[in-house]
Every structure is written in structure tokens, then in C-alpha cells.
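In: predicted structure and sequence below. I'll ask about it afterward.
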There are 2 protein chains.
Amino acid sequence: MAKRTIKPGPYIVPMPTVLVGSVVDGRPNFMTAAFCGIANYQPAVIGCGLNPTHRTCRGIEEHGAFSINVPSRDQVVVTDYCGLVSGDKVDKSTLFETFTGSLPGAPMISSFPLTAECRLLQSVPLGQDTLYLAEIVAVHAEEGILTKDQVDWHKLHPLLFTFPDAGYWAMGEYVARAWSVGKQHPR
Amino acid sequence: MAKRTIKPGPYIVPMPTVLVGSVVDGRPNFMTAAFCGIANYQPAVIGCGLNPTHRTCRGIEEHGAFSINVPSRDQVVVTDYCGLVSGDKVDKSTLFETFTGSLPGAPMISSFPLTAECRLLQSVPLGQDTLYLAEIVAVHAEEGILTKDQVDWHKLHPLLFTFPDAGYWAMGEYVARAWSVGKQHPR
């Protein structure tokens, strides 16, 4: 099929939808983010590209920590709300019951099915956004999304995010197993 | 619901499935990757965490460029196959018809619906993997996935990837619009 060259932009991959949490002025704050991806396997490192002028980023830089909070799709309204209002104007610490693990600077949302504490390794300024690279030091999951103590994506219903439509999407059906289905390819 | 603390790992977000392409020893090579995410809005920057011992990474480092090739879900077999075999043993340049744009070091797959040429900005060693951060300098899309010259995720059927199950997944249904649905939240 004929290809067309279109304006370059952050349109080329579906993204995860998360709330990034930190502690600012002594209380938890959360922002919606989708520029997030795994960067290293072991230790597990996640990168989040965030505009450093956000209140949440002040907390990340001050405490060297943040949390990743993965909503279920039925939490889309509060997830998007956290991207509409700044913690400078609205106290978002009252939106959620929170808990902490080993990193006091990484407050996690009790009602979200999957959360992680992340220790900042380095910040890479990229222009508009800064990429915060952090080690995932602990993962906390609701029992209901686990099978044999592992995250079961058949049970978790995460939200994906796409540009340029600024759309939230559900995850669809299981297609195939990696390092396996490719064996059907003619050699 | 009660939470359980589980072993930390790269299990906390769904990931995109792509083939990363580069030129090695004068011919295109491709590897399957999922540790990819947008890192900066403008200019659009993507980060890919790849084990630098891969043949593809030699090409990225030599030419300062790579391509991102987004498969449709019906291309899952060849996509996974590229992760099963090394270009050191199998000539993967024969698997696809390819084309290039402005970056000769970023060969793109003609049959994949969405491809991008990326110029390497910096490499961040993180342990096992190195994060290759690159500017998306051009995006090429099949006409069939565009609406008004923009990528239309209702028409593209990308593959997602999850750990620890090593599963490929389809994208599901549209849920809501960002910076909008959150207005339903009580203030």
C-alpha cells in the first residue's frame, strides 16, 4: 500500500497510562503521564518523560524517588482529572488513600491495582521534557490481578494512550506468545 | 483489596511491540523490541532500551540512526521471528522489502503500516541494556491508517507486549478522550 510521509511527532507507538506520584511540600501529589517505558531489564529501570515544570517533578528531584500507579480502565475519570488540574492549585493528596513502602518519596495509591516504587538514577534533559530514569525497587499488586504471585494481564485492565488523538484505550485480546509464535515462520 | 509485594521487574506497564532497524555491514537488520517509549514531546524523542551486544545496535552506533517499524497484529509471526534469530546467523535483509528516507542508516519495512526514521541523540548505558534516545525526524504511514493525514489508531492494529508472560496483545476499544473525561470528576 502506498505510504505517505507525515509530520514527525510522538505518534508512532501506543503508550501506557499511569499516574506518577511524588511528595511535594510534605504531601503526595500525582500527575497523569504516558511518556513512560521500560528502559532496562535487570535491574528493571523505567523512564518517564515529564515536563520538569510540573509540581510532581519538584518532588522527584528533591527526594530522588517517584511512584508509578497503574489504573484500571474503570478509574479513567480520576486518572484524567489528575492531568487536568495542577497540585499547585488543587490538593491532590485528598483524592486517594496512599501508602508507602521503602521509599518515603514514592507515595502509592491504595485503590490502584498495580503500583511501584522507583528510585531516581538520573535525569536526562531533552528539551521540553526531562527523562527521569529510575530503578523499580518494589512492586505492589492487588491480589486480584495476580496468578501465582505474578502480574496477570488477563486480570488487569490497563489504559493505553495514543497521540495525536489524545485517546485512552483498553487493552485487547491476547494474540500470541513471544519467542514462540515466530517459530511458525519459514526458515 | 489487599496488596501483595512482588519481585520488582519490568512488569508494571504494557509496552509497544516494534522492529528496530539499522544498517550493519551494508545491509538492513531488524530486531524485535518492546522497551520503547516516547521521552520528549517536541522535538519528538523516542527511547529504546536494547542490549548493546545485538547486531542491530552495532548499526545504530556506527550510523547514529535507526528505524522504528510498527507491525499490524497480522504480522505477529514475522515480528516475533526477528526476535528469535540473530542477524549474525540469518540475513534478515531478505525478509522484507525496505526503503529509506533522509537517513540512510534507518532502513524501513515497506509492508509495515507505520515507520519512522530516528536520529540518535545519546546512548545511556543502564547495565544490561543501553537506552538509545533518538529524535523522530520523519514518519511514514500507509494511507489506509490515516485520517486527515494523521495516524488513526482505529485503523492501525498494533501489538502490545507484556512481561512476565511474554505475551503479545491486541489494542482494545476506545475508552475516552484525555484532557476531557476527567472533567466529570467532582471538584
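Out: Alright, I've got the coordinates.

In: and the residue lying closest to residue A:51 once chain neighbours are set aside, how many neighbours?
Out: Excluding the flanking residues, the one nearest residue A:51 by CB to CB, 6 or more residues apart in numbering or on different chains is residue A:129, at 5.4 Å. Just so you know, the C-beta spots here come from the backbone N, C-alpha and C atoms, and that holds for glycine as well. For residue A:129, the neighbour count with other CB atoms under 10 Å in any protein chain shown is 24.

In: isn't residue A:129 right up against residue A:52?
Out: Yes - the pair residue A:129 / residue A:52 is scored as a contact, 7.5 Å apart, by CB atoms under 8 Å.

In: helix, strand or coil for the closest residue to chain B within chain A?
Out: Closest contact between chain A and chain B, by CB to the nearest CB, is at residue A:37 (2.2 Å). With DSSP: H, G, I helix; E, B strand; the rest coil as the basis, residue A:37 sits in strand.

In: so what's it closest to, chain neighbours aside?
Out: Per CB to CB, 6+ apart, closest to residue A:37 is residue B:37, 2.2 Å.

In: partner residues bridging the one you found?
Out: With DSSP bridges as the criterion, residue B:37 is bridged to residue B:47.

In: surely it meets residue A:45?
Out: No - in this structure residue B:37 lies outside contact range of residue A:45 using CB under 8 Å: 11.6 Å.

In: any idea of the pLDDT on residue A:153?
Out: pLDDT recorded at residue A:153 is 97.

In: right, and it touches residue B:162 too?
Out: Yes - using CB under 8 Å, residue A:153 is in contact with residue B:162, at 4.6 Å.

In: which of those two has more neighbours?
Out: When residue A:153 and residue B:162 are compared for neighbours, residue B:162 comes out ahead with 25 against 21, by other CB under 10 Å.

In: contact partners for that one?
Out: By CB atoms under 8 Å, 6 or more residues apart in numbering or on different chains, the residues touching residue B:162 are A:151, A:153, B:11, B:14-15, B:169.

In: put the buried members of these into a PyMOL selection.
Out: Burial among these is assessed by 16 or more other CB atoms under 10 Å in any protein chain shown; the matching PyMOL selection reads:
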select buried, (chain A and resi 151+153) or (chain B and resi 11+14+15+169)
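
In: re the thing from before, burial count for the residue of chain A closest to chain B?
Out: 29.

In: isn't it up against residue B:18?
Out: No - under the criterion of CB under 8 Å, residue A:37 is not in contact with residue B:18, lying 11.0 Å apart.

In: one step back: for the contacts of residue B:162, which two are the farthest from each other?
Out: B:11 and B:169 (14.0 Å; CB to CB).

In: would you agree residue A:59 falls within a helix?
Out: Yes - using three-state DSSP, the assignment for residue A:59 is a helix.

In: helices of chain A, start to end?
Out: Using DSSP state H, the helices found in chain A span residues A:55-63, A:76-84.

In: got the contact list for residue A:159?
Out: Counting by CB under 8 Å, 6+ apart, residue A:159 has contacts A:16-17, A:71, A:73, A:76, A:79, A:168-170, B:175.

In: what is in contact with residue B:37 and residue A:45 at once?
Out: Counting by CB under 8 Å, 6+ apart, the residues touching both residue B:37 and residue A:45 are A:38-39.

In: low-confidence ranges, chain A, go.
Out: Within chain A, the stretches with pLDDT under 70 are A:1.

In: check it and tell me which residue is nearest its centre.
Out: residue A:18 (3.4 Å; CA atoms, centre = their mean).

In: which residues touch the nearest residue to that residue once chain neighbours are set aside?
Out: Leaving aside its chain neighbours, residue A:18 sits nearest to residue A:68 (5.1 Å; criterion: CB to CB, 6+ apart). Taking CB under 8 Å, 6+ apart, we find residue A:68 in contact with A:18-21, A:36, A:46, A:48, A:115-116, A:118, A:136, B:12-13.

In: could you dump the residues you listed to a markdown table with distance to residue B:147?
Out: Formatted as a markdown table, those follow (distance: CB to CB, whole Å):
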| residue | distance to residue B:147 |
| --- | --- |
| A:18 | 27 |
| A:19 | 30 |
| A:20 | 31 |
| A:21 | 35 |
| A:36 | 26 |
| A:46 | 32 |
| A:48 | 29 |
| A:115 | 36 |
| A:116 | 36 |
| A:118 | 37 |
| A:136 | 37 |
| B:12 | 32 |
| B:13 | 27 |
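
In: just to revisit the earlier point, common neighbours of residue A:37 and residue B:18, please.
Out: Common neighbours of residue A:37 and residue B:18 (CB under 8 Å, 6+ apart) are residue B:36.

In: coming back round to it: need the overlap of contacts for residue A:153 and residue B:162.
Out: With CB under 8 Å, 6+ apart, residue A:153 and residue B:162 have common neighbours B:14, B:169.

In: buried residues in stretch A:125-134, which are they?
Out: A:126, A:129-134.

In: now find how far off-centre that stretch is within its chain.
Out: Going by CA atoms, centre = their mean, to the nearest Å, the spacing between the C-alpha centre of stretch A:125-134 and its chain's C-alpha centre is 15 Å.

In: same question for stretch A:79-99.
Out: Mean C-alpha position of stretch A:79-99 versus that of the full chain (CA atoms, centre = their mean) differs by 15 Å.

In: what's the end-to-end length of it?
Out: End-to-end distance of stretch A:79-99: 18 Å, with CA to CA, to the nearest Å as the criterion.

In: give me the nearest residue to residue A:45, chain neighbours excluded.
Out: residue A:39 (4.6 Å).

In: can you check residue A:185 too?
Out: Setting aside the residues directly before and after it, residue A:185 is nearest to residue B:81 in space (CB to CB, 6+ apart), at 3.8 Å.

In: let me know how buried the one you found is, in neighbour terms.
Out: Residue B:81: 21 neighbours (other CB under 10 Å).
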